[in-house]
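Sequence below, structure please.
(chains A and B)
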Amino acid sequence: MREDLEARLLQAVARVVRELAPDAEVDLAAISLVPARSPEHGDYACNAGLVLAKPLRSPPRLLAEKIAAALDAPDVERIEIAGPGFLNLYLARERWHQVVSRVLRAGEAWGRSDASAGETVQVEFVSANPTGPLTIGHGRNAVIGDAVARLFEAVGCKVTREYYFNDGGRQMRVLADSLRARYEQALGREAELPEDGYQGDYLVEIARALADEQGEAWLDAEQDQFKKRAQDAIFADIESTLQRLGISFDVYFNEASLYENGSIDEVLESLRDAGFVYEGEGAVWLDSTHMDLDRDRVLVRSTGEPTYMLPDIAYHREKVSRGFTRIIDVLGPDHIEQFPYVKAATGALGCDVAGLEVVMYQWVNLRSGGEIVKMSTRKASFITIDEVLDQVGSDVFRYFMVERRADTHLDFDLDLARERSDRNPVYKIQYAHARLCSIERKASERGVTLPPIDDLPLQRLDSPGEIELAKRLGHFPDLVVHAARAREPQEVTRYLLDLATAFHTYISDGRGHRVLSEDADLSHARLALVGAIRTTLANGLALLGISAPERM
RNA sequence: GGCCCUGUAGCUCAGCUGGAUAGAGCGCUUGCCUCCGGAGCAAGAAGUCGCAGGUUCGAAUCCUGCCAGGGUCACCA
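Predicted coordinates for the structure are as follows:
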């Protein structure tokens, strides 16, 4: 609806420009049509008069009037010129009533669109190496990644969820040696963890299970056996955590395969051939200075071992080769700095990297008992997702993880998350949904059934609260598109909280908006509105992977 | 020192890619359950948008500098 109006508005602008100053340079992208902030400003507000004032050398209010006169839009009932030169557009009420029937007709598809149809998107997220359980920091990555993937699906993209991991390298050898030590300890022998070994209790448990199962049979086992054992156990644990969050992946991509199929060598050679590699200080360097970046980076250490950057480049070349139109990396601040180098180097290989982008999130601090616990992967102090899930459940966890914009630091307030009360915003939204369901149940108990959608007496929805709610529902598809474009699930949480509040206000502000009454038409109209709100809340929650309970 | 993110109400944060009187949740004050769910609603107090310049009809939003917090800079992915 908004888009149609915007198109007509731009036509009107074009007419006015043609008439007054055909040669003027006008930036049409600067013209916006947005939902008005307050009802005094109508339904939609447009800044075209102000934007055109300069290039057309005319007073903005005068231009606004000309645009208003040139606008051909049957839905627009009235236009006011306000303030410095805004166009305030008032739509006919029937337009908003129609929103209710559209929602009911669309059902689960309400909010979904083909705005980005034809795109194939790969979202790579979590990507934790199998050296330990997922921590709360991975949790933010996991929830954001999955929610962004859901948003892409909602606007018509085909989405591949991918997990990239490395089970090779020094860290895994240390892990293997750590498990061996724990295993020997489990058999009652003297054994010491290697220096900078993995100290977490989870390895003790894995070792105990191994000792119970194998007895002393593994005392002479190879490092590789321990490595595989640890890796399998830890991966099983990671997958079970992800399952608790309702997250599953289409592809698990192993970094080792890039070594096995020769990609690493190929990439290094190609970069060398392209003239972007040189030797210095015993290492092999990426000449990123000549890719418009501020400095060079090491690709192969003086020890002969590649840095993580080289396989990263090979991996991104591999992703691009699979033909995705868009490739998203969900990265924490510790990985973000490498990305421009990886992207530039991948481009230097001749790959089209235009669709490569990052969704970056900031660290999570855990707040408990008024104290802030800084989550640090390096230091031993970390809290696992499972530990938190034991206390709050997936819905609360997911909500809290996407409640803030990804690029701001997140304080996860464990005490608040644990509260099943009005202080906790997840419940406010879910409660509204349950309350709506309750009203529908009540209606069905009383034998009230809705007439066919086309026959609904929606004109009976004439109170300001009802029109306000219908407008809010009407904005939902735009909201989804916007959130997907911004890669910001947070926008959905905010919308849902506002919608839930608007409903609670409507139903209990003492203005007598009883849904079920003696007036059959009014009851039907309001019941239809109830259904539309419920559908929108449920669809919005689904975008976040959060359940919409019918009872609480 | 270089680069990246952040600085908005007592706290945690929005602010729709430059718009009209800067908003929400929590906390605080005061009211509301003979009535479809009080996990709710109504009203109120609370802000030099980190600081200083600049760009223009108009800046929390864009530019520059500074201050503060976090991150990162081949031997950890």
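
all contacts plus neighbour counts: C-alpha atoms, from now on.
Will do.

Spatially central residue for chain A, please.
Among the residues of chain A, the one closest to the centroid is A:V148, at 3.0 Å (CA atoms, centre = their mean).

Could you find the closest non-adjacent residue to it?
A:R487 (5.9 Å; CA to CA, 6 or more residues apart in numbering).

circling back to that earlier point, look up how far RNA strand B lies from the residue nearest to the centre of chain A.
15 Å (CA to the nearest atom of the strand, to the nearest Å).

and what of A:V121?
From A:V121 to RNA strand B the distance is 20 Å (CA to the nearest atom of the strand).

element containing A:L299?
If you go by DSSP states H and E, A:L299 is part of strand A:297-300.

The following helix or strand past that strand packs against which elements?
Counting by DSSP H and E, the element after strand A:297-300 in chain order, helix or strand, is helix A:309-321. Other helices and strands packing on helix A:309-321, by 3 or more CA pairs under 8 Å, 6 or more residues apart in numbering; DSSP states H and E, are helix A:256-260, helix A:263-273, strand A:297-300, helix A:339-348.

Give me the neighbour count for the residue nearest to A:R61 when sequence neighbours are not counted.
Distances taken as CA to CA, 6+ apart place A:G85 nearest to A:R61, at 4.4 Å, with adjacent residues excluded. A count of nearby residues for A:G85, using other CA atoms under 10 Å, gives 22.

Repeat that for A:E184.
The burial count for A:E184: 19, using other CA under 10 Å.

okay, it: pLDDT?
On the pLDDT scale, A:E184 is placed at 95.

what sits against the residue nearest to it when sequence neighbours are not counted?
Once flanking residues are discounted, A:E184 sits nearest to A:A191: 6.2 Å by CA to CA, 6+ apart. Applying CA atoms under 8 Å, 6 or more residues apart in numbering to A:A191 gives the contacts A:A181, A:R182, A:E184, A:Q185.

which of those are buried?
Using 16 or more other CA atoms under 10 Å as the burial test, the contacts of A:A191 include A:A181, A:R182, A:E184, A:Q185 as buried.

Pick the one among those residues closest to A:P452.
Distances from A:P452 to those, taken as CA to CA, are shortest for A:R182 (67.9 Å).

Please report how far the closest one lies from RNA strand B.
If you go by CA to the nearest atom of the strand, the gap between A:R182 and RNA strand B works out to 20 Å.

Verify the stated contact: that residue with A:A211.
No - when contacts are counted by CA atoms under 8 Å, A:R182 is not listed as touching A:A211 (9.5 Å).

what's the helix or strand harbouring A:L10 in contact with?
Secondary structure from DSSP H and E places A:L10 in helix A:2-20. Here helix A:2-20 makes contact (CA under 8 Å, 6+ apart) with A:24, A:28, A:32-33, A:48, A:56, A:63, A:66-68, A:70-73.

Next: stretch A:535-552.
Taking CA under 8 Å, 6+ apart as the rule, stretch A:535-552 contacts A:103-104, A:107-108, A:110-111, A:147, A:150-151, A:154, A:246, A:394-395, A:398-399, A:429-431, A:433-435, A:437-438, A:473, A:476, A:489, A:492, A:496, A:499-500.

Wondering if it reaches RNA strand B at all.
Yes - using CA under 7 Å from any atom of the strand, we find that stretch A:535-552 touches RNA strand B at A:E550, A:R551, A:M552.

next one: stretch A:64-78
No - applying CA under 7 Å from any atom of the strand, one finds stretch A:64-78 out of contact with RNA strand B, separated by at least 11.5 Å.

Quick one: mean pLDDT for that stretch?
Stretch A:64-78 comes out at a mean pLDDT of 89.

A:R322: how many residues sit nearby?
10.

Please tell me how far it sits from RNA strand B.
For A:R322, the distance to RNA strand B equals 22 Å [CA to the nearest atom of the strand].

give me the number of residues near A:G323?
Neighbours of A:G323 using other CA under 10 Å come to 13.

Sorry, slip of the keys, the one I care about is A:A500.
So A:A500, with other CA under 10 Å, has 22 neighbours.

now the helix holding A:L10: how far from the chain's centre is it?
From the chain centre to the centre of helix A:2-20 is a distance of 34 Å (CA atoms, centre = their mean, to the nearest Å).

Tell me where the stretch 401-550 of chain A has helices.
A:414-418, A:425-445, A:464-474, A:476-486, A:490-508, A:520-543 (DSSP state H, counting those that start in this stretch).

Identify, from the contacts of A:A191, the entry nearest to A:L450.
Nearest to A:L450 among those, with distances taken as CA to CA, is A:R182, at 65.8 Å.

what sits against the closest one?
Contacts of A:R182 by CA under 8 Å, 6+ apart are A:A191, A:L193, A:L203, A:V204, A:A207, A:R208.

Domain map for chain A?
A:2-91, A:169-244, A:422-543 (automatic domain parsing).

mean pLDDT lowest for which of those?
Minimum mean pLDDT among the domains of chain A: domain A:2-91, a mean of 86.

still on that earlier bit, switch the buried ones among the contacts of A:A191 over to TSV; also include secondary structure.
Formatted as TSV, those follow (DSSP: H, G, I helix; E, B strand; the rest coil):
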residue	secondary structure
A:A181	helix
A:R182	helix
A:E184	helix
A:Q185	helix
